[in-house]
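Participant: Need the 3D shape of this:
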Amino acid sequence: MNYYGSSEHMASLQDYDERVFPHCDFSKPSGEYSPGGGYQVLWYSAKDDNELTRSPYRDLNTGTVNRLYHNDELIFEWRFTGASPRKASIIHHANGKTYLLFYEDLYGYSVLDLLSMQSIHYIPQESHDTDESRFEETVIWVVPHYDQQSSLLAVEGCIWAAPYTVLVVDFSDPMRIVEARRWLDLNGDIDSGHYDEINFIGWDEDSLVCDTGRFNKSDLFRRIKELQIS
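Facilitator: A predicted model of the protein is given here:
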């Protein structure tokens, strides 16, 4: 299920709008970077330092406002709620379109079609469940690597207190949400007791190359398909 847009999520965003983002100083960016393709992102940090209003949870008192520029023109803005924002990425897709892959929460991902300016957003419900018996950590997306030949997306990511891993996602339709249960974790199940460090090296003609070995693209498609029918 998708937490994004739920009543709980909207209430959380309202809390940030009232408590955190009013403290954002737009006089000077906190940082900037180029996600590629001639685009530029300027980001501005915000923090609730008020002892009477701030949350006891370390990541609920900070956020960033992120502004995307192209040819010095502001074309899009998004907000990240929490600590440790990650850089957005430009993806030149095999379908001829260009997309922005970005993040609004610690968990999940968002995609913006830079031609139509339409977007999709996904935050795994299980990683925001307030019932501890149902709460489940999902892999935090850190650095995506798109392969134009196969339209597979390899994502370097992590789970709290666990080694880095690599996810593989069918990215043939970027505007179709791929839920966490459909992400192929090359490490397997974190509860298996065999969750070791895996690092992305690159894509070649036939394989995804990691420091632990090579993963044939045909086999990756087969394993992703098995996740879709399970």
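Participant: drop to CA atoms for contacts and neighbour counts, all remaining ones
Facilitator: Noted.
Participant: tell me the secondary structure for V142?
Facilitator: The assignment at V142 comes out as strand when based on DSSP: H, G, I helix; E, B strand; the rest coil.
Participant: which residues touch T62?
Facilitator: V20, S45, A46, K47, D48, T81, G82, A83 (CA atoms under 8 Å, 6 or more residues apart in numbering).
Participant: Okay, buried residues for stretch 11-26 please.
Facilitator: For stretch 11-26, a neighbour-count test (16 or more other CA atoms under 10 Å) marks L13, Y16, R19, V20, F21, H23, C24 as buried.
Participant: cool, and stretch 171-185?
Facilitator: F171, P174, M175, I177, V178, E179, A180, R182, W183, L184, D185.
Participant: per-residue confidence averaged over that stretch?
Facilitator: Mean per-residue pLDDT for stretch 171-185: 97.
Participant: Where does the prediction get shaky in this protein?
Facilitator: 51-60, 193, 230 (pLDDT under 70).
Participant: tell me which of the buried residues of stretch 171-185 is nearest to A162?
Facilitator: Nearest to A162 among the buried residues of stretch 171-185: D185, at 13.1 Å, using CA to CA.
Participant: wait, doesn't that closest one sit right on V166?
Facilitator: Yes: with contact defined as CA atoms under 8 Å, D185 reaches V166; the gap is 6.1 Å.
Participant: For K47, grab phi and psi.
Facilitator: Dihedral pair for K47: phi -150, psi 140, per degrees, to the nearest 10.
Participant: got a list of what it touches?
Facilitator: Per CA under 8 Å, 6+ apart, neighbours of K47: V20, F21, H23, C24, N61, T62, G63.
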